[in-house]
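# the following comprises the amino acid sequence and a computationally predicted model.
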Amino acid sequence: MSTDPHQQRLEDAIRRRDAAQRKVQQLQGRLSAAQDEKANIEKECTSRGVAPDKLDAAISQLERRYEAAVAAFEKDVANVEGKLAPYS
C-alpha cells in the first residue's frame, strides 16, 4: 500500500519540526545552566575581591607575583647551598 506523497511530506516536516523543538529546548537548558554558572563564578570573584571584568588582569598580576616569589626562593636556596658548600 502506497502512502500519499503529500501526507508523507507533511509527516516528515512535522517530525523535523518536533526534532528542532526538542533541540531548542535542550539548548535553552544548556544556556540557562551556563548563565547560572557564570553568575556563580562572578559572585565568587566578587567575594574574593576581584572584579569579574578584571579577571584577566588579576590572573596576570598573580602570575607575575608567583614568578617573582619563585625566583626569590630559588635565589635564597642557591645562597644557602653556597654557604653550605664548604661543609660538604
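Thanks, I have the structure now. Everything quoted here is computed from the prediction, not taken from an experiment. Residues are numbered from 1 along each chain as shown.

# off-centre distance for the host helix or strand of Val77?
Here Val77 sits within helix 55-84, counting by DSSP states H and E. Distance of helix 55-84 from the chain centroid (CA atoms, centre = their mean, to the nearest Å) equals 27 Å.

# for stretch 75-86, same thing?
42 Å.

# for that stretch, which positions count as buried?
Judged by neighbour count (16 or more other CB atoms under 10 Å), stretch 75-86 contains no buried residues. All C-beta spots, glycine's among them, are computed from the backbone N, C-alpha and C.

# what is the mean pLDDT for the helix holding Val77?
Averaging pLDDT along helix 55-84 gives 96.

# the residue nearest the centre of the chain is in what secondary structure piece?
Closest to where the C-alpha atoms of the chain average out (CA atoms, centre = their mean) is Lys38, at 9.0 Å. Taking DSSP H and E as the definition, one finds Lys38 inside helix 5-47.
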